[in-house]
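Peer 1: got a predicted model here, sequence first, then my questions.
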Amino acid sequence: MLITIKYFGQIAEATQTQEEQLDLPQHSIGDLLTVLYSKYSALQLKDFKIAQNQKLVGLDTLLTGEDIALLPPFSGG
Amino acid sequence: MLITIKYFGQIAEATQTQEEQLDLPQHSIGDLLTVLYSKYSALQLKDFKIAQNQKLVGLDTLLTGEDIALLPPFSGG
Amino acid sequence: MTDKKPKNVFQDGAISSEFIGNSIYKHQTKTSIGAHNIFLGQVRADVIEGKTVAAIEYTAYEAMANTKFHDIRETAFEKFELTCMHIYHSLGTVKAGEICLFVFVSSPRRKVVFEALEFIVEAIKADVPVFGKEIFEDESHQWKVNS
Amino acid sequence: MTDKKPKNVFQDGAISSEFIGNSIYKHQTKTSIGAHNIFLGQVRADVIEGKTVAAIEYTAYEAMANTKFHDIRETAFEKFELTCMHIYHSLGTVKAGEICLFVFVSSPRRKVVFEALEFIVEAIKADVPVFGKEIFEDESHQWKVNS
């Protein structure tokens, strides 16, 4: 399953990319994270939330094929 | 004792004057009120506070000779 | 920055949006400020027994009012960590839709400005001898009562 | 007046005092309004380990952020009796002293605007995916954290 992953703020700084597509087995957010941690070791030190299709999700949520975003702490305003 | 009395808002409307001087015995705010009620019967129906030298005072406060103001309900803003 | 002598808070007539915009602009040099909070009182065209309010005519016991505004200002600076505070109130005629009260507080942090602004506006309504006469479109009037 | 589709809340760069003044001006035709409350976030020139913040560079997950702004707007209109609500947030570079957030609520009565404005500002800080990068005068940076 081809999934678009978006990175923001200091997460994009750690991955050195703002967006990429990964081909993943249809599995959970937690499984995706394992892939990302091994690809970008700097991510392991970072605090972030994960959104799927613009909604925050937990590690047990299944990947649906919609956009994933890794969001560092919000600091608007 | 010559005392300046200032009237504001709907109180000035009831007395039909904004300011006057009255010669009064050195007595209390309550005594002054008795004089004013008999002079301006319309005042008896009005709600107001009394300030002496810009400070709110009660009926028992003695007249000092400083300015008296009759203040209807505040409605700023 | 507290002032020791009462300032004149009153402006003749409505407070213009340009004046407010300009007041905001002047704070851009104060770079310790992180949050501003502004309250604006606007004259409502209330309909009372079929008659519409066209304007409010404000009078005040000016000397006492400026002293009270000053006291409110001093108390607010003691209670809250404010960088700046400004209060302007109209005297004379302010038409429906126009602004009659402008309160502006600024602080490094946002929590402070919310508390301070509400404190100041409530104190103005309760303690300052200002009197509003609601003028209807037919030129009759009634005296405004704060709720 | 609620809108059914999310609006774009973002502005490129700082929000000018003229824009704010003009926004206030436009509300003078709405004569059911008695109280406006405005929150402005301003970039602070914080000094951190001897280095001074010169600007904040804002990025956002724009689609999600606009959806969140829309949700906050809908919730606020449900909770509070508001006549109008406007939210603007900067993207890109905003220098110290400039304004990056403008929240504007209006209601017939003042109690409502105080509660509504604080609710909205806190929700924006907590729920909207916007990211601030504090740029120091020496061009190094750190990531802003809301407190």
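Peer 2: In hand now; what should we look at? Residues are numbered from 1 along each chain as shown, chains lettered A, B, ... in the order given.
Peer 1: for C:Q11, give me its contacts.
Peer 2: Shown in contact with C:Q11 (CB atoms under 8 Å, 6 or more residues apart in numbering or on different chains): C:88-91. Just so you know, the C-beta spots here come from the backbone N, C-alpha and C atoms, and that holds for glycine as well.
Peer 1: same thing but at 6 Å, please
Peer 2: Each residue near C:Q11 by CB atoms under 6 Å, 6 or more residues apart in numbering or on different chains is listed here: C:88, C:90.
Peer 1: ok, what's across the strand from it?
Peer 2: Under DSSP bridges, the beta-bridge partners of C:Q11 are C:S90.
Peer 1: now do A:K55
Peer 2: Legend: beta-bridge partners of A:K55 under DSSP bridges are A:Q52.
Peer 1: show me what contacts the closest residue to chain A within chain C?
Peer 2: Across chain C, the shortest distance to chain A (CB to the nearest CB) belongs to C:R110, at 7.8 Å. By CB under 6 Å, 6+ apart, the contact list for C:R110 reads C:A35.
Peer 1: from the chain's centre, how far out does the one helix or strand in chain C whose mean pLDDT sits lowest sit?
Peer 2: For chain C, counting by mean pLDDT, DSSP states H and E, strand C:47-48 ranks last in confidence among helices and strands (a mean of 94). Its chain's C-alpha centre and that of strand C:47-48 lie 24 Å apart, by CA atoms, centre = their mean, to the nearest Å.
Peer 1: again with stretch C:72-86
Peer 2: Distance, centroid of stretch C:72-86 to centroid of chain: 15 Å (CA atoms, centre = their mean).
Peer 1: repeat for stretch C:15-32
Peer 2: 15 Å.
Peer 1: residues of the helix or strand hosting C:S106 that come out buried?
Peer 2: Element membership of C:S106, judged by DSSP states H and E, is strand C:99-107. By 16 or more other CB atoms under 10 Å in any protein chain shown, the buried positions in strand C:99-107 come out as C:99-107.
Peer 1: okay, the residue in chain A that chain B sits nearest to: pLDDT?
Peer 2: Residue of chain A nearest chain B, by CB to the nearest CB: A:G77 (27.8 Å). A:G77 carries a pLDDT value of 89.
Peer 1: before we move on, what about C:M1?
Peer 2: On the pLDDT scale, C:M1 is placed at 46.
Peer 1: which residues touch C:A54?
Peer 2: Contact analysis of C:A54 by CB under 6 Å, 6+ apart lists C:96, C:135, C:137.
Peer 1: skipping adjacent residues, who's closest to it in space?
Peer 2: Leaving out its chain neighbours, the residue that sits closest to C:A54 by CB to CB, 6 or more residues apart in numbering or on different chains is C:E137, at 4.7 Å.
Peer 1: count of neighbours near the one you found?
Peer 2: If you count neighbours by other CB atoms under 10 Å in any protein chain shown, C:E137 ends up with 13.
Peer 1: how near is it to C:V53?
Peer 2: According to CB to CB, to the nearest Å, C:E137 stands 8 Å off from C:V53.
Peer 1: secondary structure class of residue 31, three-state.
Peer 2: Since you didn't name a chain, this refers to chain A. helix (DSSP: H, G, I helix; E, B strand; the rest coil).
Peer 1: not what I meant, chain C
Peer 2: Following three-state DSSP, C:T31 is assigned to coil.
Peer 1: now it: closest residue in space that isn't a chain neighbour?
Peer 2: Of all residues not flanking C:T31 in the chain, D:A45 sits nearest, at 3.6 Å (CB to CB, 6+ apart).
Peer 1: number of nearby residues for the one you found?
Peer 2: Residues lying near D:A45 (other CB under 10 Å) number 17.
Peer 1: C:T75 too?
Peer 2: Neighbour number of C:T75 under other CB under 10 Å is 13.
Peer 1: would it count as being in a helix?
Peer 2: Yes - under the criterion used here (three-state DSSP), C:T75 sits inside a helix.
Peer 1: show me where chain C has helices.
Peer 2: C:17-26, C:62-79, C:110-127 (DSSP state H).
Peer 1: how about these in TSV, adding mean pLDDT?
Peer 2: TSV is the format used below for these (pLDDT from 0 to 100):
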stretch	mean pLDDT
helix C:17-26	98
helix C:62-79	97
helix C:110-127	97
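Peer 1: point out the most buried one among those helices.
Peer 2: With neighbours defined as mean count of other CB atoms under 10 Å in any protein chain shown, these peak in mean count at helix C:110-127, which reaches a mean of 20.
Peer 1: now the angle from that one to strand D:99-107?
Peer 2: 40 degrees (axes from the mean of the first three to the mean of the last three CA atoms, to 10 degrees).
Peer 1: for helix C:110-127, C-alpha coordinates in PDB please.
Peer 2: The C-alpha coordinates for helix C:110-127 follow below in PDB (Å, rounded to 0.1, in the frame of the first residue of the first chain):
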ATOM      1  CA  ARG C 110      -1.400  35.700  27.400                       C
ATOM      2  CA  LYS C 111      -3.000  34.400  30.600                       C
ATOM      3  CA  VAL C 112      -2.400  37.700  32.300                       C
ATOM      4  CA  VAL C 113      -4.100  39.800  29.600                       C
ATOM      5  CA  PHE C 114      -7.400  37.900  29.800                       C
ATOM      6  CA  GLU C 115      -7.700  38.300  33.500                       C
ATOM      7  CA  ALA C 116      -6.500  41.900  33.600                       C
ATOM      8  CA  LEU C 117      -8.800  43.100  30.800                       C
ATOM      9  CA  GLU C 118     -12.000  41.600  32.300                       C
ATOM     10  CA  PHE C 119     -11.000  43.100  35.700                       C
ATOM     11  CA  ILE C 120     -10.500  46.600  34.200                       C
ATOM     12  CA  VAL C 121     -13.700  46.600  32.100                       C
ATOM     13  CA  GLU C 122     -15.800  45.400  35.100                       C
ATOM     14  CA  ALA C 123     -14.300  48.000  37.300                       C
ATOM     15  CA  ILE C 124     -15.000  50.800  34.800                       C
ATOM     16  CA  LYS C 125     -18.600  49.700  34.500                       C
ATOM     17  CA  ALA C 126     -19.000  49.600  38.300                       C
ATOM     18  CA  ASP C 127     -16.900  52.400  39.700                       C
END
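Peer 1: tilt between that helix and helix C:62-79?
Peer 2: 150 degrees.
Peer 1: and whatever residue of chain A ends up closest to chain C, how far from D:K133?
Peer 2: Per CB to the nearest CB, A:G77 is where chain A lies closest to chain C, at 7.8 Å. Distance, A:G77 to D:K133, using CB to CB: 14 Å.
Peer 1: out of those two, which sits in the busier spot?
Peer 2: Using other CB under 10 Å, the more surrounded residue of A:G77 and D:K133 is A:G77, with 24 against 18.
Peer 1: tell me which residue lies nearest the centroid of the chain.
Peer 2: If you meant another chain, say so; for now it's chain A. A:L70 (3.9 Å; CA atoms, centre = their mean).
Peer 1: ah, I was thinking of chain C
Peer 2: Short answer for chain C (CA atoms, centre = their mean): C:L101, at 2.9 Å.
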